Structures are given as C-alpha cells and as structure tokens.
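Q: model the following, please.
(chains A, B and C)
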Amino acid sequence: MTTTRRSLLAAAALAPLAAPLAQSQPRRVLIGYQLPLTGEFSQYGERFRNSALMALDAFNRSGRLPVPVEIVFEDTRSDPREAVAVARKFVDNREIVAVLGDFSSSASIQAGRVYAEAGMPQLSQTASHPDFVKISPWQFRNITTQAYEGPRVAEWMRENGVRRVAVVAIQNDWGQSVVSNFAEAFRAGGGEVVATQFFNPGNREFRAILTEIARARPDAIYIGMFYEDGAAFLQQRRQLNIRVPVYATSSLYEPKLVELAGAGAEGVFLSTTFMATSPEPHVRAYVEEYRRRFGNEPNMFSAQAFDAVNILLEAIVRAWPEVTRARVRDELARTRDFPGVTGVTTFDPETREPAKTLARMRIENGQFVLLR
Amino acid sequence: MRKHLAPLAVLGVLFGLLPASLSAAGSGYLFRLADVTLIFCILALSMQLITGVAGLLTLGHAAFYGIGAYTAAILSTRVGLDAGLTIPASGLVAALFGVLIALPTMRLVSIYFAVATLGLGEMIYVTLLNWVSFTRGPLGIGDIPPLRPFGLDLSSPLGTYFLVAALAALALLVVHRLAHSYYGNALRALREDDQCADAMGLPVVRLKIEVFAIATFLAGLAGALWAHTTGYVNPADFRFAESILILAMVVVGGLGSIPGAIVGAALLILLPEALRAIGEVRILAVGLIMFLCILFLPKGLFGEVAALDLVRRQFGAAWGGSPAGRPLGWR
Amino acid sequence: MFDRFDIFFVQQLVNGLSVGLVYALVAIGFTLIFGVLNVVNFAHGEIYMIGAYAGLLAIVFLAPPWVALILLVLAAGVVSGVVLERVAFKPFRRFRDEASLKSKAMRESTLLSSLAVSIVVRESVEKILGADMQPIPRAYADAMQEPISLGELSVASGQIAILAAAILMFATLQWILTRTDIGLSIRAVAANPLGAQYVGVNVDRTVIATFAIGSGMGAVAGILIGLYQGTIFPAMGFAPGVKAFVAMVMGGLNSIPGAVVCAIVLGLSEAVATEFFGQGWADLVAYVFLVLTLVFFPTGLFGAGRERV
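A: Reported below is the predicted structural model:
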C-alpha cells in the first residue's frame, strides 16, 4: 500500500470518531436573561429586552455561528427573592450557558450566589454595587460602579469651583453607594459636604428636603436618583426658586427627563458613558435602528444592555465550538477593547471590573449637550 | 385508626413523598419553591391563628416575620451563632415585640386594631430601612450562613428541606392543637363577639395577648428560616404588600380553617410561579384569581361554613320562625 | 435651636400645608365612602389614578379648557366609582341578617375584594399605558407649576389651585349632605343602615350615590395633584391613599372636617420632621400619629366615632 492510500485508510478509519465530536456541537445556544418585566422597574426591563432582541437578531443574521443563539427572558421584577428562584431555574436548564442580568444590585447579588455555587457566568448590565463582582470569578458587569463615577464627578465639581455640596439620594443599595463614594472623594479633595439627605423609594415630595438644603447654602447639589424622581426634584427646585446648580449621575441621562421636568431641567450637569447624539457610526446606527424599531429614544440603560448582550455573544463566538459555562466564563474574562455603544470596554483580568470613559454633559435649551 | 389517618397522611407526604419526588427531579429550583411554600405555610398558619380563629384582623404581620429574619441575620453574621440557636431566638424576639405591641392595642376594636397594626408594621419597615448603622438599611444583610444547627450540616437542598418541613409540621401541630381545643373555642367566641365573651367571663385581653405572642413566635421562626435559606435579608421583603399577601392566603383558604391556610399559602406562592409562562400578566392574573375566589367563595375555600350557618340559624330561631338558612328581611 | 425658626422654617410650613391639602383632597372622598358603608375602600387610590389618567388623555387628545377638563374628569370618576361599587362591594351586601353583618369574615371579604380590584386595575393600566411617568403637555403643566414669590417665600400656582379646590370640594360636600335629599339619605344610611331601610330609604341607590360623589371628588383630586406634581404613573394612588386613610382615622372615622384638619396636621408634621430628622424617618410621622391617636383617642380626635363596629 502506498503512503497516500495508507493515510486515506487511516483517515477513513478515524472518521467515525469525528462524528460524535461533530454531533456534540449544540443545535442552538441558549442564554438566560433575568430582568424586571413587570413591577416598578418594568420600563428598564423593557428597554433591556428591546436592545437584547435587536442585538440578537443582528447577530443571528450575520451567520457568525452555524447555529442560532436564543435568549430566554424571565421576569424577576428585580426582586431578590424572585431573582433567586429564576437563577435556580436557569441553572437547572443544562442548555443555558450564560446569564445576563439582573437590574438592581441586590437582585444581581442574590442571583449571583446561586450562579457562583453552580458555576454559571453572569453578566449584569447595571449592577453597580462594588460587592457584586467580588462574589466569585463567575460575575461580570459592563457598567462602571459609583466607585468609578463618584470621584470623577467630585473632581469635575472641584474644577468648577464648588467647595460646599449638598447630596440627595434614594435610600436603596445604589443610592447608598452613590453617596459614600462621592462624599469620600469630595472630602478628600478638600471640599465640604454640608448636607446629606436620603429619601425613601416611592417618595416624590422633595420640597421639605429642598428647603432644608437651601438653608445650608451649598455651592451645588449632587443628586443620586433615577430620572423620574430626578424630574420631580428638578421641578420642585424651580418652584421653590432655588438657583443652586445641580450635578447628577448617569442615570439621569434620559430624553424623557427634559419632557417631564420642563424648565426645571435647564443647566443640569451630568456624566454619562452613552451619548445618543454621538457622531460615531456604530452609535448612530444603534440609535436610529432603536428609534425605528421601538418608537422611542434609547437611553443609557438600553445602551448598557445592548453592549452586554454583544459582549456575551462575542465571548460565545470565541468559545465556539466548545460552548460550555466554564469556557464562556473564561472568554468573557478575556474581553478587551470591545467597541460598544457605551464606549470601549475592557474587563480587568484580576478584578473583572470594566474600564470605560465618562463624558460630561449639560442640559441646555432642553437638549443634552456634550461639554469639552 | 381513622382518627390518625389525616395526620399520618400529612406526615407521609411531607417527609416521604415530597422529598422523594424533589430528589428525583433533582432541581434546585423546585427545592427552593418547596422551602418557600413551607415557610409561607408557617406564616399563613400563624396568621390563621390570630385572624381566622381569634378574629383579630392584623395588617402588619410581615413586620414580625421581618424582625425574626433580621434577628437571625444579625445573630448569625455578627455574633456567630448557628441555626440551632438563631431560630428559637428569632421566635422569642418576634414574640417579645408582639407582646409589646399587643399590650397597648388590645383594647382596640377590630378595624381600629387592624389600622394600628398597619401603622406599626410600616413603622418597623421604615426603621429597618433607615437605621443604617444597625441593619445596613437598604443594602441588607448578606452572607447569612445556611442551616447548620448545632454543628449538624443541613445545608444541602434535601437537608434544608427536612428542617423547614420539620418546623412547618411543628407549627401545624401547635396551631391545630390550639384551635381544636377548649382554648380554640374560647378564641372563636372572641372572634364572633368579644363583648359576649367578656360577659361570659373569658379573660379577653389576656387571651388576645397570648394568641398574639404565639402567632408572632411562629412568624419569627418563619423569618429565621427565610434568612438562612435565602442567605440575604432586605427591608423590601417585609412591607405592607407581604402582610397583604399573607392575609390573602388566609382569606382565600378560608378563615378559621387550618387546611385552608395551607392551601391558600400553596396557591398564592405556586400560582405566580406556574403562571410565569404567561409572563407579564402574572400579577394581574393573581389579583383576578384572588378577586374571583373572594367573590364566589366569600368564606374561602374551606371556611368554617358550618359555624357561620349555625350562627345564622340560631339568630333565625331567636327572631321567630324563619326557615333555617334563609336570610332575614332584605333581599 | 431657635436659629431654626427662620424664613426657611416658614417655607417648610408652607410646604407642609400644601402637602397636607393634597392628602385632604383625597381624604374627603375616602371618608365619605367609609362613613356610609363602614368598609375601607382600598381602591380609592386607583380611582384617583384613573382620574389623573382620564384628565391626561383628555388633555392630549382634546386639549379642553380647564372647566371642561374638570367636568370630564368628574364624570370619569363618577362612572369608575359606580362600576367599582357594583363589582367589588355590591355582591357582599346580599347577606343582610344580623349575624352576617357582624361577621368579620364578610367585612374582611369586602376589604380584600376592593384590594384585589385595585391590583387588577393598577396592573391593567400599567399594561395598557405603560408603567413609567407620563409627561404632561407643557401648557397645562406650566399653569400649575409656576413659582410665585411672596417676599422670600416661594409658592407654586398649583398649591393655590389645590387650596381653592379643597375649599370648594368641602363646601360642595357640606351643601350636598345638608341641603339635598340624597345627602339626607346618605347621612341616614351612615348613621344606621337597617333603620334607614325601615323608614323607606333606598339603601342601594344611596350607596351608589355615595360612591359616585366620593369617587368623583377623588378623580378630580387625581388630575389636579397629578398636574401640580407633574407626575402621573399607575402606582400614584398608593401613597396618598395610605396618608388619607391615616387622616381619616385620626379625624374620627366618619368626620369629614376632622379628616381634612388631620390631613393638614399630618402634612405639616411631615415637613417639620423632614427638617429635623430627614425624609426617611419623616415617613414614620404618619404612622406614629396613627398609633398614638388610636391608643389614646380611640374614637378619633374629632369624630363621635363608632363604638362597636
């Protein structure tokens, strides 16, 4: 027998062995997504889902994988208890290789314990509590924490000559981290926090808080709230004729804020990672398609979800054809310079914290304007 | 033997059939669901004791559940006690608060009492939320160790289930024995008309305080179980909405009926999970079902129908000769 | 400590007064219904929310003048109230014998049925119109949110409007209750339902009328407060509902003037508490007042109250 024939024979003999390997390629790839589809945060969950579907459709159409990827959405109302139940459900489903979500840090952390124990990679688009990624090597997030944002805003205020600041934040896990990170950084820079006011979730009456702050005569007010509370706050500030400038967190970057707050929103400073008005082509494409498909403007939350889904899809592509939970986790950890609509994202190899850039904006004449 | 059939059946299902099928299914999700259902069974039973049997409508029950949960959380994370001590301690602390609250409010009549418990429940929630230095406020207390009572490691899904089931069986025993006894009859007399009961010589205020203490003790136990099985407590789990949920369980199941409380608890925990498939209209469907249950079964699924009919018939006889069961006068 | 009593403190009192008036507006309708039927209407907050949404839809699609807007919302409130009564309360009045009237099971059923209906209504609105805050067309919103300076104090135009509305509503209600036939029947049924039926009052119609009036007022409160606060969202009825409830209990369960006064006191206390303790703890104020009133003034501060309920 010639060498060629022997090789062909050997190859033919070995071919059946390759068949099982080929069959072990999954027929589809499943991702779980836990998010608030009902309840008080349902509008955020809806945006996440919209962005996720957009990203998924584009990905499946592109044909980068020979099999379709599907997302299983489960409603948790961002409630820690339901998050745990859904987490166990996802873990039990052997087809699911990775999970996205949840919305709030407490829900993500609780679900995170389940995922850590069972070994399932989890990527949250909005959990910003510092403890989240410390649970285990399975947790990831693509949003900057307040530990990142707080000091940068403190520095910005110092640059603008603010020496005395009053802080108002919502009494929940996120609000607490906003205040602690910002206040520490501001004081470290030599400033003075003249008043700190927390308000219970659900409260929209800020006049008493505003009057109390006004008495302390701060140079500026820093608010840690979601845009609906923020809109009420800004309106009421205008009604009470308080002219102190307001700085806000990135959660207030939302076109509806101007609609809701009217003239009260004029002059508000905020930082953000996502700008709908950015001239960059991939951001423009995203904004236009979102607008066309869903009829309203995407905001930072929608953009975060869009990037999170795409980052995960990239990791899955890199892990192909051995798409297991462990492999997806490892590939996620290798995310470097991912060009998302919320900026370029890289996960730190040690801490898995994302590094991004923060832009400064101001509301002028009812529009969000990029500064500098 | 007939007398022992029902309790044996319950024990058989609880400690035999259910864990066997859960183990066979091998699903962490189902185990968790079973644990949560049993914890809420304990809560529903304790509520049934106060509201169904003794007739004291309370709208702040979740607060005691919360106190028990936080006691277990703080004792296990800061003092390092294990579940064998935290669980009874939580029950005692909750009962202590229960007595403290019962003392000034016991003289209040039904709806005033309900409103007072609503107020007190909300006060406890706001305190848990805002006393950040002690309870960590909205950040909650996490990393609560799983169930390892007295060094015995029950942290596996099966082990946890057995401990929760054991405590649920205990609660069931206590409530059942209390309700089906002369003590229970005294409580029912309170429910129907406490002025009459007082006139008959029953120590009304003492009875109310006692039953409140027992019920809040059970609620505290449930809270401790919740803390250890979930690993995390947060003030948002113990608000007015939870109290309403527990109340709904009792009402749907039927006031005064023990199987009713269990069925009500199971229904209101499992139904939203089963309805996950229809996703977004889930809460709406639960509200609708609650409403339909109330409308067509105003005495609940297993309410003490016989008792109510009996009472109405008695009054009918006293008013002179209207046929048994027909309502008087107005159509 | 006395340096606290400066112009800012006066501003706090003004804030508190306006918040109290908001609670009072909601409490008026709520107390009317409770006084007559002796059942807590858990769905009153949802009627308030329906009024706000009805007004908003009217503004967006019809842009009517103010008077027409109020009338439209009033109508919406009346219709919702009557439907609510038919669906959640009427079926439980089929048992009218003494044993059932005294039975706690029946009373709790109506409490829970109105609660269940409130859940269904709120979730439906959330599904249909979305859970987020609805923006209000600028013309109407600005009219209610203009700051008016009185020296160093600042008041919003909406606060004046709410004050006027509260006075008007209260006066109208007093007039209805004391000078009309239906008002007389309402007072009769409130005092003694069986006795009223004995003397020929049509209890069913009276109850419908009570719900109509109470809900109409609740709905108007909803649109006014919604426009003033600039926030209209499906869960908006819960917080004012609870505070109105507290005001009602403090005032003595069936005294409308009592409820109004207590609502104002509640608002003022919350503002002062925020001043000294922070908003988080100020939420406690309402409940502390509630418990103290119940324990030390079991029949309420103003009402003759009911001894046996």
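Q: neighbours around residue B:201, how many?
A: Using other Cβ atoms under 10 Å in any protein chain shown as the criterion, residue B:201 is surrounded by 7 other residues. All C-beta spots, glycine's among them, are computed from the backbone N, C-alpha and C.
Q: ok, now residue A:60?
A: By other Cβ under 10 Å, neighbour count at residue A:60 equals 15.
Q: that one reaches residue A:68, doesn't it?
A: Yes - with contacts counted by Cβ atoms under 8 Å, residue A:60 reaches residue A:68, the gap being 5.1 Å.
Q: quick one, strands of the stretch 201-309 of chain C?
A: All residues of the stretch 201-309 of chain C lie outside strands when identified by DSSP state E, counting those that start in this stretch.
Q: so where's it shaky on pLDDT?
A: Residues of the stretch 201-309 of chain C that meet the criterion pLDDT under 70 lie in C:298-309.
Q: show me what from the stretch 251-372 of chain A comes close to chain C.
A: A:256, A:259, A:260, A:261, A:262, A:263 (Cβ under 8 Å from any Cβ of the partner chain).
Q: out of these, who has the most neighbours?
A: For those, neighbours were counted by other Cβ under 10 Å; the highest total belongs to residue A:261, with 28 neighbours.
Q: determine if any part of stretch C:7-20 is in contact with chain A.
A: Yes - Stretch C:7-20 is in contact with chain A by Cβ under 8 Å from any Cβ, via C:8, C:11, C:12, C:15, C:16, C:18, C:19.
Q: check which residues of that stretch are buried.
A: Taking 16 or more other Cβ atoms under 10 Å in any protein chain shown as the basis for neighbour counts, the residues of stretch C:7-20 that come out buried are C:8, C:9, C:11, C:12, C:13, C:14, C:15, C:16, C:17, C:18, C:19, C:20.
Q: what is the most widely separated pair among those residues?
A: Put simply, by Cβ to Cβ the two of those set farthest apart are C:8 and C:20, 18.4 Å from each other.
Q: now do stretch A:136-145: distance from first to last residue.
A: Distances were taken as Cα to Cα, to the nearest Å; on that basis the terminal residues of stretch A:136-145 are 17 Å apart.
Q: got any ranges where the stretch 51-200 of chain C has weak pLDDT?
A: Confidence mapping of the stretch 51-200 of chain C against pLDDT under 70 gives the ranges C:94-109.
Q: ranges for the strands of it?
A: Under the criterion DSSP E, counting those that start in this stretch, strands of the stretch 51-200 of chain C are mapped to C:147-150, C:153-156.
Q: and the ones you listed: which comes nearest residue C:74?
A: Using Cβ to Cβ as the measure, strand C:153-156 is the one of the strands of the stretch 51-200 of chain C that comes nearest residue C:74, at 23.3 Å.
Q: each with direction, which strands does that closest one pair with?
A: Sheet pairing of strand C:153-156 (DSSP bridges) gives strand C:147-150 (antiparallel).
Q: name the residues that touch the partner strand?
A: Here strand C:147-150 makes contact (Cβ atoms under 8 Å, 6 or more residues apart in numbering or on different chains) with A:238, A:239, A:240, A:241, C:154, C:155, C:156, C:157, C:160.
Q: kindly report the same for stretch C:139-146.
A: A:235, A:238-239, A:262-263, C:59, C:63, C:156-158, C:161, C:224, C:227-228, C:230.
Q: counting residues, which helix of chain B comes out longest?
A: Across chain B, the helix with the greatest residue count (assigned by DSSP state H) is helix B:204-230.
Q: is any residue of that one near chain A?
A: Yes - Helix B:204-230 lies within reach of chain A by Cβ under 8 Å from any Cβ, at residue B:230.
Q: buried ones in that helix?
A: Within helix B:204-230, the residues scored as buried using 16+ other Cβ under 10 Å are B:204, B:207-230.
Q: which of the strands of the stretch 51-200 of chain C sits most buried?
A: Among the strands of the stretch 51-200 of chain C, strand C:153-156 has the highest mean neighbour count (mean count of other Cβ atoms under 10 Å in any protein chain shown), at a mean of 21.
Q: in CSV, list the C-alpha atoms belonging to that strand.
A: C-alpha atoms of strand C:153-156 as CSV (Å, rounded to 0.1, in the frame of the first residue of the first chain):
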residue,chain,number,x,y,z
LEU,C,153,-41.2,82.6,50.2
SER,C,154,-42.0,80.6,47.1
VAL,C,155,-45.3,79.1,46.3
ALA,C,156,-46.4,77.3,43.2
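Q: tell me which parts of the stretch 51-200 of chain A are close to chain B?
A: Residues of the stretch 51-200 of chain A that fall close to chain B, judged by Cβ under 8 Å from any Cβ: A:73-75, A:79-81, A:84-85, A:88-89, A:91-92, A:106, A:109-110, A:113-114, A:118, A:129, A:131, A:171-173, A:175-176, A:198, A:200.
Q: which of those fall in helices?
A: The helices in this structure, assigned by DSSP H, contain A:80-81, A:84-85, A:88-89, A:91-92, A:106, A:109-110, A:113-114, A:118, A:173, A:175-176 from these.
Q: what helix or strand is the residue lying closest to residue C:240 once chain neighbours are set aside on?
A: Nearest residue to residue C:240, sequence neighbours excluded (Cβ to Cβ, 6 or more residues apart in numbering or on different chains): residue C:26, at 4.6 Å. Residue C:26 belongs to helix C:7-37 when elements are defined using DSSP states H and E.
Q: residue 173 - how many residues pack around it?
A: Picking chain A for this. A count of nearby residues for residue A:173, using other Cβ under 10 Å, gives 25.
Q: let's do chain B instead
A: A count of neighbours around residue B:173, defined by other Cβ under 10 Å, yields 12.
Q: wait, a strand at it?
A: No - remark: residue B:173 does not belong to a strand; assigned using DSSP: H, G, I helix; E, B strand; the rest coil, it is helix.
Q: please identify the buried residues of the helix or strand following the longest helix of chain B?
A: For helix B:204-230, the succeeding helix or strand toward the C-terminus, using DSSP H and E, is helix B:240-253. Counting neighbours by 16+ other Cβ under 10 Å, one finds that the buried residues in helix B:240-253 are B:240, B:242-253.
Q: now residue A:221: how far from residue A:194?
A: When Cβ to Cβ, to the nearest Å is applied, the distance between residue A:221 and residue A:194 equals 10 Å.
Q: anything in contact with each of the two?
A: Taking Cβ under 8 Å, 6+ apart as the contact rule, residue A:221 and residue A:194 both touch A:165, A:166.
Q: wait, residue C:21 sits on residue C:266?
A: No - using Cβ under 8 Å, residue C:21 is not in contact with residue C:266; the gap is 10.7 Å.
Q: which of these two has more neighbours?
A: Each of residue C:21 and residue C:266 had its neighbours counted (other Cβ under 10 Å), and the higher figure belongs to residue C:266 (25 against 21).
Q: then stretch C:53-64 to PDB, C-alphas only?
A: Included here for stretch C:53-64 are C-alpha records, laid out as PDB according to Å, rounded to 0.1, in the frame of the first residue of the first chain:
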ATOM      1  CA  TYR C  53     -55.100  59.400  33.500                       C
ATOM      2  CA  ALA C  54     -58.500  60.400  32.200                       C
ATOM      3  CA  GLY C  55     -57.600  64.000  32.500                       C
ATOM      4  CA  LEU C  56     -54.200  63.400  30.800                       C
ATOM      5  CA  LEU C  57     -55.800  61.600  27.900                       C
ATOM      6  CA  ALA C  58     -58.400  64.400  27.600                       C
ATOM      7  CA  ILE C  59     -55.600  67.000  27.500                       C
ATOM      8  CA  VAL C  60     -53.500  65.100  25.000                       C
ATOM      9  CA  PHE C  61     -56.400  64.300  22.600                       C
ATOM     10  CA  LEU C  62     -58.900  67.100  23.200                       C
ATOM     11  CA  ALA C  63     -57.000  70.000  24.900                       C
ATOM     12  CA  PRO C  64     -60.100  71.300  26.500                       C
END
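Q: right, I'll call it a day here.
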